[in-house]
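>>> how would this look folded up:
(one chain, ligands or ions: 2)
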Amino acid sequence: MPTSSPSKSTPKRSASSPPFASEYRDWLRMMVLIRRFEEKAGEAYSLGQIGGFCHLYIGQEALGVGSISALAPDDYVVSAYREHGLALARGMAPRAVMAELFGKATGCSKGKGGSMHLFDTSINFMGGHGIVGGQIPLGAGFAFAAKYRGTSQVSLTFFGDAAANIGSFHETLNMAGLWKLPCVFVIENNGYGMGTAIARAAAISDLWQRAASYGMPGVEVDGQDVVAVRLVTEEAVARAREGDGPTLIEARTFRYVGHSMSDAASGTYRSKEELEASRQRDPIVLFEEKLRGLGLIADGDIKAIEDEVAAVVADAVQFADASPDPDPSELTTDVYAPEGGR
Ligand SMILES: Cc1ncc(C[n+]2csc(CCOP(=O)(O)OP(=O)(O)O)c2C)c(N)n1
Ligand SMILES: [Mg+2]
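Numbers count the residues shown, from 1 in each chain. Ligands and ions are numbered 1, 2, ... in the order given. From the prediction side, this is the model:
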């Protein structure tokens, strides 16, 4: 099966005649919520309220919001450690996410997972994984299980550009292509794996082309354009659901902050000019401009979203701060799944 080039995969629907205009406000609100949530998480980390690793999603909001909006409620989502925004976009409560970052008993993983291990099986959000590429075979596993059980569920697997160089990426895509599993693989190409530019680590620069080796379409999309991301994901999800197998999506994006909080100043591996240029394509600003142009939103609406989101984030921090630590007796629980349980 030939891979599709970006031009061949041009969405059938145009963004200016949007069938999902009614969803636009929700998408903008979710992108703003993720941005403000992450800014607050960064602040709380600096104040010592959050410990351990903490990888922020700032700059990549359109990618998570656009792609997850294409899913049905019982589809699966699995991700690496840069997943706060994905968990929120999937519908996890900001309180449960913030409390998990704070390591509190009220967190989605009972305070025992932290930033990199957000889970909520009630919405099929299957983590949060710290081993680079470790979640890629899991994503195929959820798809295999769905196919085996005969459900119509699809699995959406997120990973970074550097993870696309890990062996499990190649092994998984081969099996998923061979068995036509209902999965969609999304490379969140932010240009860097920690401080290493992808051009210094990958033999080709168009990672979507790797799909050709595994019998599935490969698509490149502008990860800063929430509507474009939604359209390509929607097409890939429909394909998977219809039994036509997986798709590899490469979404080009940028993280505005450091790799993690220990690289808060963005390090020395990228120039001020590069950062500045990326800020010219801020996904939230781009979307606000688009909505203004379509006459779908006014300044007052944006302020209302900002005010409401600020209250939600402040409430999440207050809740997390006031919540109890996990009881020491919880140390050995949740290590193994209960017999016969999920
Ligand atoms: C198997 C493994 N090797 C190395 C690391 C250390 N490590 C953590 S994040 C990271 C970079 C991954 O970059 P990418 O996949 O592009 O995701 P991003 O952080 O850019 O979202 C590395 C090498 C790890 N966690 N797991
Ligand atoms: Mg990366």
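>>> For whichever helix or strand residue 36 is part of, name the packing helices and strands.
For residue 36, the host element (DSSP states H and E) is helix 21-46. If you count contacts as 3 or more C-beta pairs under 8 Å, 6 or more residues apart in numbering; DSSP states H and E, helix 21-46 packs onto helix 61-68, helix 84-90, helix 94-101, helix 226-241, helix 283-293, helix 299-322. C-beta: built from backbone N, CA, C; applies to glycine.
>>> which SS class is residue 187?
strand (DSSP: H, G, I helix; E, B strand; the rest coil).
>>> Need the winner for burial among the helices and strands packed on helix 21-46.
Comparing these by mean neighbour count (mean count of other C-beta atoms under 10 Å), helix 61-68 ranks first with a mean of 29.
>>> For it, enumerate the helices and strands it packs against.
With contacts taken as 3+ C-beta pairs under 8 Å, 6+ apart, helix 61-68 sits against helix 21-46, helix 84-90, strand 155-160, strand 183-189, helix 226-241, strand 247-252, helix 283-293.
>>> got JSON lines for those, with mean pLDDT and distance to residue 174 too?
As requested, the helices and strands packed on helix 61-68 are exported to JSON lines (pLDDT from 0 to 100; distance: least, C-beta to C-beta, whole Å):
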{"stretch": "helix 21-46", "mean pLDDT": "96", "distance to residue 174": "33"}
{"stretch": "helix 84-90", "mean pLDDT": "98", "distance to residue 174": "25"}
{"stretch": "strand 155-160", "mean pLDDT": "98", "distance to residue 174": "15"}
{"stretch": "strand 183-189", "mean pLDDT": "98", "distance to residue 174": "12"}
{"stretch": "helix 226-241", "mean pLDDT": "97", "distance to residue 174": "17"}
{"stretch": "strand 247-252", "mean pLDDT": "98", "distance to residue 174": "12"}
{"stretch": "helix 283-293", "mean pLDDT": "96", "distance to residue 174": "32"}
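>>> Looking at those, spot the one closest to residue 326.
Judged by C-beta to C-beta, the one of these that comes nearest to residue 326 is helix 21-46, at 18.1 Å.
>>> How about that closest one, which residues are buried there?
Buried residues in helix 21-46, counted by 16 or more other C-beta atoms under 10 Å: 23-24, 27-38, 40-42, 44-45.
>>> worst-scoring helix or strand of the protein, pLDDT-wise?
One helix or strand of the chain scores below all others by mean pLDDT, DSSP states H and E: helix 272-279, with a mean of 90.
>>> could you check the angle helix 283-293 makes with it?
Interaxial angle of helix 272-279 relative to helix 283-293 (axes from the mean of the first three to the mean of the last three C-alpha atoms, to 10 degrees): 40 degrees.
>>> now helix 272-279, how far from the chain's geometric center?
22 Å (C-alpha atoms, centre = their mean, to the nearest Å).
>>> hmm, that helix touching ligand 1?
No. Figure legend: helix 272-279 not in contact with ligand 1 (C-beta under 6 Å from any ligand atom); closest approach 13.6 Å.
>>> For that helix, buried residues please.
In helix 272-279, counting by 16+ other C-beta under 10 Å, buried: residue 278.
>>> What helices and strands are in contact with it?
Against helix 272-279 (3+ C-beta pairs under 8 Å, 6+ apart) you get no helix or strand.
>>> Just list the residues touching the residue of the stretch 151-300 of the chain found nearest ligand 2, thanks.
Nearest to ligand 2 in the stretch 151-300 of the chain, going by C-beta to the ion, is residue 160, at a distance of 3.6 Å. Residues in contact with residue 160 (C-beta atoms under 8 Å, 6 or more residues apart in numbering) are 80, 82, 132, 187-190, 193.
>>> again, 10 Å this time
Neighbouring residues of residue 160 by C-beta atoms under 10 Å, 6 or more residues apart in numbering: 55, 60, 79-82, 132-133, 166, 187-194, 198, 253, 255, 259.
>>> Specify the local secondary structure of the closest residue to ligand 1 within the stretch 201-342 of the chain.
Closest approach between the stretch 201-342 of the chain and ligand 1, counting by C-beta to the nearest ligand atom: residue 259, at 5.6 Å. Under the three-state scheme (three-state DSSP), residue 259 adopts coil.
>>> Residue 155 is nearest to which of the helices and strands packed on helix 21-46?
Nearest of the helices and strands packed on helix 21-46 to residue 155, taken as C-beta to C-beta: helix 226-241 at 8.0 Å.
>>> so the closest one versus helix 61-68, what angle?
Using the same axes, to 10 degrees: helix 226-241 against helix 61-68 is 30 degrees.
>>> tell me what helix 226-241 is packed against?
helix 21-46, helix 61-68, helix 135-149, strand 155-160, strand 183-189, strand 218-222, strand 247-252, helix 283-293 (3 or more C-beta pairs under 10 Å, 6 or more residues apart in numbering; DSSP states H and E).
>>> quick check: angle from the fourth one to strand 183-189?
What it means is strand 155-160. 20 degrees.
>>> For the chain, what lies in contact range of ligand 2?
Neighbours of ligand 2 within the chain, by C-beta under 5 Å from the ion: 160-161, 190.
>>> if you set the cut-off to 6 Å instead, what comes out?
With the criterion set to C-beta under 6 Å from the ion, the chain comes near ligand 2 through 160-162, 190, 192-193.
>>> Alright, calling it a day.
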